[in-house]
Structures are given as structure tokens and as C-alpha cells.
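1. A predicted structure for the sequence below; I have some questions about it.
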Amino acid sequence: MSLVPSLTEAVAATAPELLVGATDWCTHPADLDVVRVGGTKNPDVAAVAALAPDLVVANEEENRAADLDTLRAAGVDVLVTEVRSLPQAFAELDRLLVRGCGLARPAWLDAAEAAWRDVVPAAPVRRAVVPVWRRPWMVLGRDTFAGDLLARLGVRNLYAGHAERYPRVMLPELLAARPGLVVLPDEPYRFTADDGPESFPGIPAALVDGRHLTWYGPSLADAPRALAEALAAAG
């Protein structure tokens, strides 16, 4: 049972027969046919327990501790991942699939590691802000997986030193930071060409696939190329 979309995809790409349930946000693979148990932040804990899974896969950022504690109290084994950097993502995927599920290490995980091993950061380094929400505006701050990926591609997050991981920052402050680039993913907030770039006049905007920027799973194999292309297209 997976409560994390990217980890759902990771298990489904490796041993789909193991999955008995997933959240409503687990959109990959598109043909995944399992019981749905609500959102990542508000799963139907009783429904999860009723499935009697051998293991529930969770993440310390995406899922609430109270829900996980309730599952443990019901006798369910819960594996909680922590992913705040690319190396940590690879290590946690190996822990989940090999040690947690007893599977052979999948070829896609080796391919993903190889793809990132060959990445050379673009030059010159681009100073950027990376909104993940608006109304209110929220941006990537310190110690985030997405920030680590961008740094490896030559993008310096101007809020990487902020005390919070996802700080709320007023738009005038974002503009006053004088970024040379704004990176706009399509999740969790769905930024589009018509919703986001207009708030940053005169600043190149890179519209990126949120799955490539924030998911840790099979998409990591294509992420370096896809993200680099989106960043380059911003000018």
C-alpha cells in the first residue's frame, strides 16, 4: 500500500502485483487499478487498515505523522522515507524496493543513477526563485529535493538559505531579489503559460513538469534531459 505518488510509481514499475492500494493522487502509471484511499494528507486510514497490507509506504513530508501513528496502532507496518536530496532519493528507493519489498534492484533505478551521474551543470549559474504555490506565494526554501535537482543543472535557488523549507514570500520580495529566472512547475500548483509568468515581467520563466522536478521514481531517468530542455527554453 503506497501513500506517496512517486513511490507508487516506483513499486508499480518494478512489481505491480504487490500494490493493493494507493492515493487518489497516484496518477502513474495511468492504468494502475488498485483501491483508492483518499489523499496523501487525508487518507482514509480505516480503509488502509482494512486492506491488511503487509507494508504501508509513506514519506515524512507528504504524509501526516498522526495518520501513520494510527496505522501503526492498528498493527500495520509502516515504512517512512525521507527524501531531501538526489542521493537520498536513490538510497531510499533501494531501501524500499530491495529491503522493504524483497525485490531485485530494478534496471530503471540503475538507469536513473546513470542519467544523473552524467549531468554537467549549465553555465553560467542562473539565480532563480522557484514558486510552488500562489495565493499565497510559496517558494522552495532550504533542504529540498527539487532544489537539489535544480542545483545540479546549474540553477541557484535564491531562497536555499531560508530558515523554512517552503516559505511564504510576498511577490514584491520575490521581485526585489532580482532573479534571473523563475522556475514554475505544474504541481503542486498548476502553473501554466497563462498563470504565473505574468507576475514576473521581464524575467525568463521556465515551465517545468512537476513530476520531473519533484517525483523520486522512474521519472528520474528522464528528468535531467526534460528539465534541462525546459530551462534552456526559458532563454
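-> Perfect, I can see it now.
2. any idea how far residue 18 is from residue 69?
-> Residue 18 is 24 Å from residue 69, where distance means Cβ to Cβ, to the nearest Å. Placement of C-beta: from N, CA and C, glycine included.
3. Please say which of those two ends up with more neighbours.
-> Between residue 18 and residue 69, counted using other Cβ atoms under 10 Å, residue 18 has the larger neighbour count: 17 against 12.
4. ok, the more buried one - contacts?
-> Neighbouring residues of residue 18 by Cβ atoms under 8 Å, 6 or more residues apart in numbering: 11, 101.
5. Pass me the low-pLDDT residue ranges in the chain, would you?
-> Within the chain, no range satisfies pLDDT under 70.
6. just the helices in it please.
-> 5-14, 45-50, 65-73, 86-94, 107-117, 145-152, 171-176, 210-214, 223-233 (DSSP state H).
7. Stretch 165-173: how far from the chain's middle?
-> Distance of stretch 165-173 from its chain centroid, counting by Cα atoms, centre = their mean, to the nearest Å, is 20 Å.
8. And for stretch 159-172?
-> Put simply, stretch 159-172 sits 18 Å off its chain's centre (Cα atoms, centre = their mean).
9. cool, and stretch 70-90?
-> With Cα atoms, centre = their mean, you get 14 Å for stretch 70-90.
10. Please save the CA atoms from it in PDB.
-> Taking Å, rounded to 0.1, in the frame of the first residue of the first chain, the C-alpha atoms of stretch 70-90 are listed here in PDB:
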ATOM      1  CA  THR A  70      -2.900   5.400  13.800                       C
ATOM      2  CA  LEU A  71      -1.900   2.800  11.200                       C
ATOM      3  CA  ARG A  72       0.900   1.500  13.500                       C
ATOM      4  CA  ALA A  73      -1.500   1.400  16.400                       C
ATOM      5  CA  ALA A  74      -3.800  -0.800  14.200                       C
ATOM      6  CA  GLY A  75      -0.800  -3.200  13.700                       C
ATOM      7  CA  VAL A  76       0.200  -2.100  10.300                       C
ATOM      8  CA  ASP A  77       3.900  -2.000   9.400                       C
ATOM      9  CA  VAL A  78       4.800   1.500   8.000                       C
ATOM     10  CA  LEU A  79       8.000   2.300   6.100                       C
ATOM     11  CA  VAL A  80       8.600   6.100   6.200                       C
ATOM     12  CA  THR A  81      11.000   7.600   3.700                       C
ATOM     13  CA  GLU A  82      12.900  10.900   3.900                       C
ATOM     14  CA  VAL A  83      13.900  12.400   0.600                       C
ATOM     15  CA  ARG A  84      15.600  15.800   0.600                       C
ATOM     16  CA  SER A  85      18.400  15.300  -2.000                       C
ATOM     17  CA  LEU A  86      19.100  13.200  -5.000                       C
ATOM     18  CA  PRO A  87      21.500  10.800  -3.300                       C
ATOM     19  CA  GLN A  88      18.900  10.300  -0.500                       C
ATOM     20  CA  ALA A  89      16.200   9.600  -3.100                       C
ATOM     21  CA  PHE A  90      18.300   6.800  -4.700                       C
END
